[in-house]
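*Asks:* coordinates only, no sequence provided:
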DNA sequence: ACCCTTAATGAGAATGGTTCTGATTACTGA
DNA sequence: TCAGTAATCAGAACCATTCTCATTAAGGGT
């Protein structure tokens, strides 16, 4: 487990043993601007001819998410999507339901709202889950393809 | 399928055939102030001596959620929680990670923020997913029991 | 009260994403 | 080079939820 590694993250890679499959995973992630599910990333790797197990992809993404090297969002269906992280700071996402492209948005407004609202009700250790889903300008025109459900028309 | 029923919902029940198991489900829900998972509700029914199938509980909750008679929130683990709904209007929740008790909160602030932020990026049909999790005052003191994960310390 | 249509139910199988298992492989520091 | 052990792999296990389809029963019509 933990021993001596990681000091001042600046390389997305860093830490732990660099194996062929981990390198492949990092490559794949670096090449993708959009949010992808673990399954999709695994499929992508196979198509590239990389032999990487599904479990390994999950583990890798998990670790990367843990170190803050990749961002994650949950779709309304309880599936996790990943993509490389631009900033390490706390932020939320505006994800396109169609193409999966996402904008990272910071919301001092929501942060503040979440905290004060929670405290107003006497709750502590407030965490918030905030994701926005929509249809981006590019996808607006083109005919629909497989639409990724972000959330029901409510909530 | 659809024919003549439902006009102006005012009774939580209304519509469709009132079966023994549906009545039992409605009862169980009426008695619970906190958010419960379908599995928990099913278990509860069994303990009451009601013989109701798991699938039926899921179907029932689904319908109730559809008609807006029950509220739902998703835990970070992709499990759905239900409880009877106080208001039919759009709102969010502040859920206690420990006991499941929840406050319904309205957030003109977030609503507005979500809409404007989304539009600022050229996205349309914006929907938002917002849930707050925390530890309520009552649970703060008592020793921990099974803690229901609401979300990771981030997001 | 009795029928008949058809919604509702139940038991279990199926799904699908994710995690775990146990054996095997292969980094990496010494 | 070698040992120690992290990482990998294939597939089983998990678990919440959904589906299948034969069976049951609500409830409007008569």
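*Replies:* Structure received. Keep in mind that this is a model prediction, so the values were computed, not measured.

*Asks:* gap between the residue positioned nearest the centre of chain A and DNA strand C?
*Replies:* Centroid-nearest residue in chain A: residue A:72, 2.2 Å away (criterion: Cα atoms, centre = their mean). Applying Cβ to the nearest atom of the strand, to the nearest Å, the value for residue A:72 to DNA strand C is 9 Å. Any C-beta I mention is one placed from the backbone N, CA and C, and that applies to glycine too.

*Asks:* so what's residue A:50 closest to, chain neighbours aside?
*Replies:* Nearest residue to residue A:50, sequence neighbours excluded (Cβ to Cβ, 6 or more residues apart in numbering or on different chains): residue A:24, at 4.2 Å.

*Asks:* now residue A:126: how far from chain B?
*Replies:* From residue A:126 over to chain B the distance is 4 Å, taken as Cβ to the nearest Cβ, to the nearest Å.

*Asks:* what's the answer for residue A:107, then?
*Replies:* For residue A:107, the distance to chain B - Cβ to the nearest Cβ - is 6 Å.

*Asks:* same question for residue A:81.
*Replies:* In terms of Cβ to the nearest Cβ, residue A:81 sits 13 Å off from chain B.

*Asks:* so which helix or strand takes in that residue?
*Replies:* Using DSSP states H and E, residue A:81 falls within strand A:80-84.

*Asks:* now for that strand, which elements pack on it?
*Replies:* If you count contacts as 3 or more Cβ pairs under 8 Å, 6 or more residues apart in numbering or on different chains; DSSP states H and E, strand A:80-84 packs onto helix A:20-31, strand A:36-37, helix A:38-47, helix A:54-67, strand A:70-74.

*Asks:* what's the most buried one of these?
*Replies:* strand A:70-74 (a mean of 21; mean count of other Cβ atoms under 10 Å in any protein chain shown).

*Asks:* and it, which strands flank it?
*Replies:* strand A:80-84 (antiparallel) (DSSP bridges).

*Asks:* quick check: angle from the partner strand to helix A:54-67?
*Replies:* 70 degrees (axes from the mean of the first three to the mean of the last three Cα atoms, to 10 degrees).

*Asks:* now do strand A:80-84 and helix A:20-31, the angle between them.
*Replies:* 80 degrees.

*Asks:* so what's the closest residue in space to residue A:32 that isn't next to it in sequence up against?
*Replies:* Nearest residue to residue A:32 in three dimensions, chain neighbours excluded: residue A:83, at 6.1 Å (Cβ to Cβ, 6+ apart). Residues in contact with residue A:83 (Cβ atoms under 8 Å, 6 or more residues apart in numbering or on different chains) are A:29, A:32-36, A:70-71, A:102.

*Asks:* from residue B:128, how far out is residue A:83?
*Replies:* 20 Å (Cβ to Cβ, to the nearest Å).

*Asks:* do you know how far residue A:23 is from chain B?
*Replies:* On the measure of Cβ to the nearest Cβ, residue A:23 and chain B end up 26 Å apart.

*Asks:* what separation do you get for that residue and residue A:29?
*Replies:* For residue A:23 relative to residue A:29 (Cβ to Cβ), the value is 11 Å.

*Asks:* shaky segments in chain A?
*Replies:* By pLDDT under 70, the low-scoring segments of chain A are A:1-16, A:86-89, A:141-155.

*Asks:* any idea how many residues pack against residue A:91?
*Replies:* By other Cβ atoms under 10 Å in any protein chain shown, 18 other residues sit near residue A:91.

*Asks:* if I read this right, it contacts residue A:108, doesn't it?
*Replies:* No: between residue A:91 and residue A:108 there is no contact under Cβ atoms under 8 Å: 10.5 Å.

*Asks:* my read: the residue nearest to residue A:50 touches residue A:45, true?
*Replies:* Yes: using Cβ under 8 Å, residue A:24 is in contact with residue A:45, at 5.7 Å.

*Asks:* need the overlap of contacts for those two.
*Replies:* By Cβ under 8 Å, 6+ apart, the residues touching both residue A:24 and residue A:45 are residue A:52.

*Asks:* pretty sure residue A:50 sits in a helix.
*Replies:* No: assessed with DSSP: H, G, I helix; E, B strand; the rest coil, residue A:50 is coil; it does not lie in a helix.

*Asks:* what element comes up after the lengthiest strand in chain A heading to the C-terminus?
*Replies:* Taking DSSP state E as the criterion, chain A has its longest strand at strand A:124-135. Sequence-wise, the next helix or strand downstream of strand A:124-135 (DSSP H and E) is helix A:137-141.

*Asks:* that following helix close to chain B?
*Replies:* Yes: using Cβ under 8 Å from any Cβ of the partner chain, helix A:137-141 reaches chain B at A:137, A:140.

*Asks:* is DNA strand D within reach of stretch A:53-65?
*Replies:* Yes: counting by Cβ under 7 Å from any atom of the strand, contacts between stretch A:53-65 and DNA strand D involve A:53-56, A:59-60.
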